[in-house]
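Novice: Kindly return the folded structure for what I paste below:
(chains A and B)
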Amino acid sequence: MNQAQTASGPILTTDGIPLKVSLKKAERINKIRAFLLVLPLLVFILITFLVPIGDMLARSIDDRQINTVFPKTFEVYKKWDRQGLPSEEVYKTMFFEVKNSEGYQIGKASTRMNYSKSGWKSLLKKSKRKFKKIEEGPYKEQMIATDKRWADPEYWKALGQMVDPTTMGYYLNAVDLKYDSNKDIIQQKENRRIYNKTWIKTFKVSLLVTFFCLILGYPISYLLATLPLKYSNLLMICVLLPFWTSLLVRTVAWMVMLQQKGVLNNLLVMSNLLADENRWQLMYNQTAVVIVMTQILLPFMVLPLFSVMKTISPTYMRAALNLGASPLHAFYKVYMPNSIPGISAGCLLVFIIAIGYYITPELVGGKDGQMVGNWIAYHLKTTLNWGLCASLGAILLAMMTVLYWAYNKIVGIENIKLG
Amino acid sequence: MALPAYATTGQKLGYYSFLTYCGLVFFFLIAPIFIILPLSFSASPFFEFTKEFMNLDPEAWSLRWYRQMVGISSIGDTTVVTDKWMLGTRNSFFIGIVATLLATALGTVAALGLSRPHMPFKAILMAILISPMIVPLIITAAGMFFFYSKIGLTHTYLGLILAHTALGTPFVVITVTATLTGFDTNLIRASQSLGADTMRTFFKVIMPLILPGVISGGLFAFITSFDEVVVVMFVGSVEQITIPKQMWAGLRQETSPVILCMATCLVALSIALLTTVEMLRRRSERLRGIKHR
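Specialist: You can find the predicted model right below:
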């Protein structure tokens, strides 16, 4: 039949166009139509969500702030050989740029300069005031006379870190490293090393929560998947109700449960298991974070596990038992391997959500339970060190992307089940 | 998985301890939510079960915190009006409803496109459209705070609504795409061959079939917006109070039992929403001819 076609030339439509071309055209139109339907949401997400995330990423390496306040100083500074003290010309341009800038600009720039060498902020604040009295040069000596820190080469060398409009400094800070005055990478001072500990703690808490969700979630998913429908529907509500309840409500509920005069401690005291003065400190520590997050994230483990277990035919287990396996052996050799897709989906999902948690650690974590998310919020609203905030966020986001990609490969993003 | 009649003592023991374990896990899941219900009727200003309260002493039970929640409270003889909770409720419903409508419209149309057999770059598009659900809220909040302040959207209702719409769309996309799997495209052809144009086909044939998915997606989007506090804190102004923001403030500063009253109301709301979504899901499965096993 194929030969007959080639003999009589390509098949034509009634318009005389070859069928292949016509089909391709129709397919292209369909593709464009489908894409046009998605386009509004794509543009919307791009503007309201992806661009802001990109803006944050840009901020994590952005170092132009000072360059815009002291542009001329940096021009002449670049010529300096970084030995001893800079020349009169550098002092002079610095003098005029400090004297002529607005106070708030100096404030902004000096905050950034303080990250490189602490002391810059107070030095500039003081100088801004004192420079008003200086009328004419030479400026170098007069500046040193107002404050002898102007004669300290360490301050001048620290400026060198800010010459480039981009910096990796915030990323270094986010893992407890920093640039020294020669732009070599060194460790932070002992007492300022907080972020590596926080990263480790975040992983530890997320892994613990994932582990507890698995050992609590696996049995109940098994029960839900094997019970007759009328019972399992009822019990499923117990899983779905927390899923639908406000996160804050659940956290409040746990505060009621765990605090010193809370339900749990009261029950223990009332039943004489615990002396009144030895009440457990269950709140405001890492244990509380793990307990509360386990309860909050458990539905995210149960739902994927349940949907996989639903597809495992009960005849497999029966066959194994029939062939002489003990129930435990049959479970371990037959049921468990079949449920592995559910285990990996659930664990990944719980871990992904746990690693970026903020609200619960903030409310029940106390000092000991703070995770990376809390430091991001702290720098965002308290210290206003937005570069560090953005770099911590960017590292977290990179980890999420890898996990998200893995989830997509293993489970498929379109298979996320909601209730 | 009932126990067979010939089960040995060991098997019985194992089975019942398994059931007990499951019971404890269900208790762990559900108990904290219900523990706050009675406590919201307590007269005590602390989050605790007092002895009088447990003994059902009428003095220890009161509606005073509920009165305070709706804006009436009395200190001594003077009546003080604290409007924050009601203001928060109004704001939460306003932002939530507008964001839900937007998210549902955008998400449904996009899901229709994504479910077409000819969709190019489907996987990557899906990953992008779902990403607002996956990215941690604190990162989203930081990014939005930086960018929205540049374009003057911080401290505005528009900014909050746009942010919540972005956060809600993934849920609509997921539920509607799920409803569309197994959608019989012959129905569209039949409608068109009978002379209906695209719009008529959409509203008369497609829409009634996917409506359960659209509504449950919308409800998910609504609860997401209604429950969201991190973005509101960073993008919204101090005056833009919503329920979760007021709860957050209440937990950080004064731990007032009004929080428990509001929490009770929210639990009631989530029970109502859950019931609706479950009913819709069953209806959708029936409509699409998927049988329950």
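
Novice: ok, now how distant is the residue of the stretch 301-419 of chain A found nearest chain B from A:N374?
Specialist: Taking Cβ to the nearest Cβ, chain B has its nearest neighbour within the stretch 301-419 of chain A at A:G356, 2.4 Å off. C-beta: built from backbone N, CA, C; applies to glycine. Going from A:G356 to A:N374 by Cβ to Cβ, to the nearest Å gives 11 Å.

Novice: Looking at the two, which has the bigger crowd around it?
Specialist: Neighbour count, other Cβ atoms under 10 Å in any protein chain shown: between A:G356 and A:N374, A:G356 has more, with 24 against 19.

Novice: ok now do the closest residue to the more buried one other than its chain neighbours, which residues does it touch?
Specialist: Once flanking residues are discounted, A:G356 sits nearest to B:P136: 2.4 Å by Cβ to Cβ, 6 or more residues apart in numbering or on different chains. B:P136 makes contacts with A:I355, A:G356, A:Y357, A:Y358, A:G373, A:L396, A:M400, as judged by Cβ atoms under 8 Å, 6 or more residues apart in numbering or on different chains.

Novice: The residue positioned nearest the centre of chain A: which element?
Specialist: With distances taken as Cα atoms, centre = their mean, the residue of chain A nearest its centroid is A:L396 (3.3 Å). According to DSSP states H and E, A:L396 maps onto helix A:386-410.

Novice: Could you pull out the buried residues of that helix?
Specialist: Under the neighbour-count criterion of 16 or more other Cβ atoms under 10 Å in any protein chain shown, helix A:386-410 has A:386-397, A:399-400, A:403-404, A:407-408 buried.

Novice: Kindly report the same for stretch A:210-227.
Specialist: Of the residues in stretch A:210-227, A:210, A:212-214, A:216-227 count as buried by neighbour count, 16+ other Cβ under 10 Å.

Novice: what subset of the buried residues of helix A:386-410 is also close to chain B?
Specialist: Among the buried residues of helix A:386-410, the ones lying near chain B by Cβ under 8 Å from any Cβ of the partner chain are A:W386, A:C389, A:A390, A:G393, A:L396, A:L397, A:M400, A:Y404, A:N408.

Novice: From the residues you listed, which one has the minimum pLDDT?
Specialist: Minimum pLDDT for these is recorded at A:N408 (83).

Novice: Show the contacting residues for that residue.
Specialist: With contacts defined as Cβ under 8 Å, 6+ apart, A:N408 is in contact with B:A123, B:A127.

Novice: any idea how the chain splits into domains?
Specialist: No chain in the question, so chain A it is. Domains of chain A are assigned by automatic domain parsing as A:19-61, A:66-165, A:195-415.

Novice: actually it's chain B I care about, not the one you picked
Specialist: Domain assignment for chain B, taken from automatic domain parsing, gives B:9-80, B:84-287.

Novice: Please produce TSV containing these, extended by mean pLDDT and distance to A:I237.
Specialist: As requested, those are arranged in TSV below (pLDDT from 0 to 100; distance: least, Cβ to Cβ, whole Å):
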stretch	mean pLDDT	distance to A:I237
domain B:9-80	80	9
domain B:84-287	89	7
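
Novice: deepest of those, which one?
Specialist: Mean neighbour count (mean count of other Cβ atoms under 10 Å in any protein chain shown) peaks for domain B:84-287 among the domains of chain B, with a mean of 20.

Novice: and that domain, how far apart are its ends?
Specialist: Taking Cα to Cα, to the nearest Å, domain B:84-287 runs 44 Å from one end to the other.

Novice: How far does it sit from its chain's centre?
Specialist: Distance of domain B:84-287 from its chain centroid, counting by Cα atoms, centre = their mean, to the nearest Å, is 9 Å.

Novice: Next: stretch A:63-70.
Specialist: Centre to centre, stretch against its chain (Cα atoms, centre = their mean), the figure for stretch A:63-70 is 28 Å.

Novice: Can you give me the buried ones in that stretch?
Specialist: A:D63, A:Q65, A:I66, A:N67, A:V69, A:F70.

Novice: cool, stretch A:19-36 as well?
Specialist: A:S22, A:K31, A:A34, A:F35.

Novice: do the same with stretch A:256-275
Specialist: Of the residues in stretch A:256-275, A:V256, A:M257, A:L258, A:Q259, A:G262, A:V263, A:L264, A:N265, A:N266, A:V269, A:L274 count as buried by neighbour count, 16+ other Cβ under 10 Å.

Novice: quick one, what contacts the first one?
Specialist: It refers to A:V256. Applying Cβ under 8 Å, 6+ apart to A:V256 gives the contacts A:G262, A:V263, B:P32, B:I35, B:I36, B:L39, B:F47, B:E48, B:L260.

Novice: and those residues, which two are the farthest apart?
Specialist: B:P32 and B:E48 (15.0 Å; Cβ to Cβ).

Novice: In three-state terms, label the nearest residue to B:P170 once chain neighbours are set aside for me.
Specialist: Counting by Cβ to Cβ, 6+ apart, B:M133 is the residue found nearest to B:P170 once chain neighbours are left out, at 3.8 Å. Of the three states, B:M133 takes helix under DSSP: H, G, I helix; E, B strand; the rest coil.

Novice: Could you verify my assumption that B:M133 touches B:L167?
Specialist: Yes. Look at B:M133 against B:L167 with Cβ atoms under 8 Å: they come within range, at 7.4 Å.

Novice: where's the residue lying closest to A:L348 once chain neighbours are set aside relative to B:A263, distance?
Specialist: Excluding its sequence neighbours, the residue lying closest to A:L348 (Cβ to Cβ, 6+ apart) is A:Y407, at 4.8 Å. To B:A263, A:Y407 is 32 Å away according to Cβ to Cβ.

Novice: repeat for A:N322
Specialist: 51 Å.

Novice: Tell me who's in contact with A:P71.
Specialist: A:E97.

Novice: How about the contacts made by A:L349?
Specialist: Going by Cβ under 8 Å, 6+ apart, A:L349 touches A:F300, A:M301, A:P304, A:Y407, A:I416.

Novice: could you pull out the strands for chain A?
Specialist: A:177-179, A:185-187 (DSSP state E).

Novice: Identify whichever of these lies nearest to B:G107.
Specialist: Using Cβ to Cβ, those put strand A:177-179 closest to B:G107, at 42.9 Å.

Novice: So what's the gap between the closest one and the chain middle?
Specialist: Computed by Cα atoms, centre = their mean, the separation of strand A:177-179 from the middle of its chain amounts to 21 Å.

Novice: Which strands or helices does it pack on?
Specialist: Under the contact criterion of 3 or more Cβ pairs under 8 Å, 6 or more residues apart in numbering or on different chains; DSSP states H and E, strand A:177-179 touches helix A:169-174, strand A:185-187.

Novice: so which of the ones you listed is the most packed in?
Specialist: helix A:169-174 (a mean of 22).

Novice: A:I352 is in contact with the residue nearest to the centre of chain A, correct?
Specialist: No. Counting by Cβ under 8 Å, A:I352 is not a contact partner of A:L396; they are 11.0 Å apart.

Novice: Show me the contact partners of stretch A:257-272.
Specialist: Everything outside stretch A:257-272 that qualifies as a contact, by Cβ under 8 Å, 6+ apart, is A:255-256, A:274-276, A:279-283, A:288, A:291-292, A:364, B:32, B:35, B:46-49.

Novice: if you set the cut-off to 7 Å instead, what comes out?
Specialist: A:256, A:274, A:276, A:279-283, A:288, B:32, B:35, B:47-49 (Cβ atoms under 7 Å, 6 or more residues apart in numbering or on different chains).

Novice: what's the farthest-apart pair in these?
Specialist: Using Cβ to Cβ, the contacts of stretch A:257-272 span at most 23.7 Å, a distance reached by A:D276 and B:P32.
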